[in-house]
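Colleague: Make a model of this:
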Amino acid sequence: TMTASGLSLLRSLAILEEVIPDARKGLPETAQILVDALRNQSFALAKLNQAEPSYVPLREAVQLAEQYFGPHDERTLDALRLLANTYGRFGDRPNELATARIAVERARRAFGAQRPQNTLITCERTYADSLRNNDRPADAVDILRTVVADQQRLDAAETPRVRYAKQMLAI
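Modeller: From the prediction side, this is the model:
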């Protein structure tokens, strides 16, 4: 039997199946809508434990974001970060690390001079997670120290984001 959340995910996927073709037809004006819809589609498929089907829309979202917004745009970096996380969720460690590395390298080029910056922080945190997941926790320590310091400067209080960054460093 399907749970209520499973049914909700299936309904969401059905709606997205209607939205995505229309968003494709409206390109380039609908690029943001299409990228968001593809991200949501991937999320729902991942929640239904469908690994390979969840990668496909995120890969397309990355390609579209690169094409319409550029390789260093926050929307592109966020799609890359989500793809790395999705690879990690399903245990594809090599692709998780490779994708997280691309995201963090681009984020550092785009936002390194603007530190602290949210997209940079999330990309660095994702990269550090992927290093740890790939049996390289020592390589993640300096990155996470920077993430903690940046998050503290950005939030100026002990927010859930700061606590999470500290927790990741402690792990």
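Colleague: Would you mark the buried spots in the one helix or strand L120 maps to?
Modeller: Taking DSSP states H and E as the definition, L120 sits inside helix 118-133. Going by neighbour count (16 or more other Cβ atoms under 10 Å), the buried part of helix 118-133 is 119-133. The C-beta positions use only the backbone N, C-alpha and C, and glycine is treated the same way.
Colleague: roughly how far apart are the residue nearest to D78 when sequence neighbours are not counted and A79?
Modeller: Excluding the flanking residues, the one nearest D78 by Cβ to Cβ, 6 or more residues apart in numbering is T119, at 6.9 Å. Per Cβ to Cβ, to the nearest Å, T119 is found 11 Å from A79.
Colleague: now the helices for this structure?
Modeller: Counting by DSSP state H, the chain has helices at residues 4-25, 31-47, 51-69, 74-89, 93-111, 118-133, 137-155, 160-170.
Colleague: and the first one with helix 51-69, angle?
Modeller: Okay, so that is helix 4-25. Relative orientation of helix 4-25 versus helix 51-69 (axes from the mean of the first three to the mean of the last three Cα atoms, to 10 degrees): 40 degrees.
Colleague: try the shortest one
Modeller: When the same axes, to 10 degrees is applied, the directions of helix 160-170 and helix 51-69 differ by 120 degrees.
Colleague: And helix 160-170, what does it pack against?
Modeller: Contact here means 3 or more Cβ pairs under 8 Å, 6 or more residues apart in numbering; DSSP states H and E; on that basis helix 160-170 packs against helix 118-133, helix 137-155.
Colleague: Show me what counts as buried in the last one.
Modeller: Think helix 137-155. 140, 143-144, 146-148, 150-152.
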